[in-house]
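Peer 1: coordinates only, sequence not included:
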């Protein structure tokens, strides 16, 4: 019996130990990868620097770079990074970033493939800085980065004027961070929606694609749940999507609207935030934040709807496809019309 208890205690201790070791291994691998990547990018920049200098000093042309590529690939046959095209990219990277040390620092933080994607597709320095920094912070793969560029994440996140009342309802530093965390338009084309849907179906698709949703929302968001219940006396209220933002240290409600923004949505969100702050928020957390995500909005209407709301609320739009099909061009129908249309398609009764 004593031996059995000893084995059980050992098993429990072993499981904890194994988990700790696994976490350490994963962490070490990430650190090792980042270290190797920095060295590799530094090497490529040095090669690019030498090519650029010798072109200027010795008149090197295309044939010399092709010969260099051939000789390097012959010597380092197990390495695929010395093609002639890559050598030209190294030169271009050095020339374009040499006088921008802030960008050069970010270049060393991300993989070579992502660097090539940014330098070939983005020409504006501020825009390049955005994609370099977000790739480093979010760990975007090349495909995710390309998706963000194609959906114009920079302008949706940085350039377009966002609509919220954060400056009036949050301390200055937190208001700035909340503005940073929010986009003006969210690209949800990964949901695979090509015809109008009601809010519950939109919510279901977002939950089923939560990893993609978190990538689109940005760094810091952690998903808590959908249709999150808050019980007050005999009534239960359900929040569409509830997140926690690690940097803001705030709960974030996302309310989904399949049609155009209506002023009454702001009042309802204010009510939900009061409930969340009173019954759910922990003492060490900042005030909860609400984002109303709708298919369309009138900016003047949003501006006046948020006046007088004493809780932090933002209003943003979402797009479902990069190129909207005819069924989704312009303003989406009212939710009741959507339900009627869907019932008709399913053979239901009007």
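Peer 2: Received the coordinates, thanks. Since this is a predicted model, take the numbers as computed values, not measurements.
Peer 1: what about the nearest residue to residue 187 once chain neighbours are set aside, neighbour count?
Peer 2: Closest residue to residue 187 apart from its sequence neighbours, by C-beta to C-beta, 6 or more residues apart in numbering: residue 151 at 3.8 Å. Using the backbone N, CA and C atoms, a C-beta is placed for each residue, glycine as well. Residue 151 has 19 neighbours, counted by other C-beta atoms under 10 Å.
Peer 1: same check, this time on residue 225
Peer 2: Residues lying near residue 225 (other C-beta under 10 Å) number 11.
Peer 1: from what I can see it touches residue 243, true?
Peer 2: No. Look at residue 225 against residue 243 with C-beta atoms under 8 Å: they stay out of range, at 9.2 Å.
Peer 1: that older thread, could you check how far the residue nearest to residue 187 is from residue 188?
Peer 2: 10 Å (C-beta to C-beta, to the nearest Å).
Peer 1: for residue 85, same thing?
Peer 2: Residue 85 is 35 Å from residue 188, where distance means C-beta to C-beta.
Peer 1: Just want to know which of those two has more residues nearby.
Peer 2: residue 188 (21 against 10).
Peer 1: I'd assumed residue 216 was in contact with that one.
Peer 2: Yes. Applying C-beta under 8 Å, one finds residue 188 in contact with residue 216, separated by 7.0 Å.
Peer 1: Excluding sequence neighbours, find me the nearest residue to the residue nearest the centre of the chain.
Peer 2: In the chain, the residue lying closest to the centroid (C-alpha atoms, centre = their mean) is residue 218, at 2.9 Å. Excluding the flanking residues, the one nearest residue 218 by C-beta to C-beta, 6+ apart is residue 181, at 6.4 Å.
Peer 1: roughly how far apart are the one you found and residue 61?
Peer 2: 49 Å.
Peer 1: Could you check which of these two is surrounded by more residues?
Peer 2: The residue with more neighbours, out of residue 181 and residue 61, is residue 181; 22 against 9, by other C-beta under 10 Å.
Peer 1: dump the residue contacts of that one.
Peer 2: Neighbour list for residue 181: 218, 220, 221, 245, 247, 248 [criterion: C-beta atoms under 8 Å, 6 or more residues apart in numbering].
Peer 1: Same check on residue 174?
Peer 2: By C-beta under 8 Å, 6+ apart, the contact set of residue 174 is 166, 248, 250, 286.
Peer 1: Tell me the spacing between the closest residue to the last one other than its chain neighbours and residue 157.
Peer 2: Computed as C-beta to C-beta, 6+ apart, the closest residue to residue 286 that is not its neighbour in sequence is residue 250, at 4.4 Å. Relative to residue 157, residue 250 is positioned 19 Å away (criterion: C-beta to C-beta).
Peer 1: one step back: the residue nearest to residue 187 and residue 84: what is the separation?
Peer 2: Per C-beta to C-beta, residue 151 is found 32 Å from residue 84.
Peer 1: Could you do residue 245 as well?
Peer 2: 46 Å.
Peer 1: more crowded one of these two?
Peer 2: Neighbours were counted for residue 245 and for residue 84 using other C-beta under 10 Å; residue 245 has more, 22 against 16.
Peer 1: what number of residues lie near the nearest residue to the more buried one once chain neighbours are set aside?
Peer 2: Counting by C-beta to C-beta, 6+ apart, residue 245 lies nearest to residue 220, which is 4.8 Å off, once chain neighbours are set aside. Counted by other C-beta under 10 Å, the residues lying close to residue 220 total 20.
Peer 1: correct me, but residue 220 touches residue 246?
Peer 2: Yes. Here residue 220 reaches residue 246: they are 4.8 Å apart, a contact under C-beta under 8 Å.
Peer 1: got any ranges where the protein has weak pLDDT?
Peer 2: In the predicted model, the chain carries pLDDT under 70 at residues 1-12, 322-350.
Peer 1: Can you show me the strands along it?
Peer 2: Using DSSP state E, the strands of the chain run over residues 163-164, 185-187, 221-232, 235-245, 250-260, 289-296, 313-319.
Peer 1: closest to residue 195 out of the ones you listed?
Peer 2: The closest of the strands of the chain to residue 195 is strand 250-260. By C-beta to C-beta, the value is 11.8 Å.
Peer 1: relative to strand 289-296, how tilted is the closest one?
Peer 2: With axes from the mean of the first three to the mean of the last three C-alpha atoms, to 10 degrees defining the directions, strand 250-260 sits at 20 degrees from strand 289-296.
Peer 1: Strand 250-260 pairs with which strands?
Peer 2: In the sheet, strand 250-260 lines up against strand 235-245 (antiparallel), strand 289-296 (parallel) (DSSP bridges).
Peer 1: Would you reformat those strands as JSON lines and include distance to residue 50?
Peer 2: JSON lines is the format used below for the strands paired with strand 250-260 (distance: least, C-beta to C-beta, whole Å):
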{"stretch": "strand 235-245", "distance to residue 50": "45"}
{"stretch": "strand 289-296", "distance to residue 50": "50"}
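Peer 1: ranking those strands by burial, who's on top?
Peer 2: Burial of the strands paired with strand 250-260 is given as mean neighbour count (mean count of other C-beta atoms under 10 Å); strand 289-296 ranks first at a mean of 23.
Peer 1: from the middle of its chain, how far away would that strand be?
Peer 2: With C-alpha atoms, centre = their mean, to the nearest Å as the basis, strand 289-296 stands 16 Å off its chain's centre.
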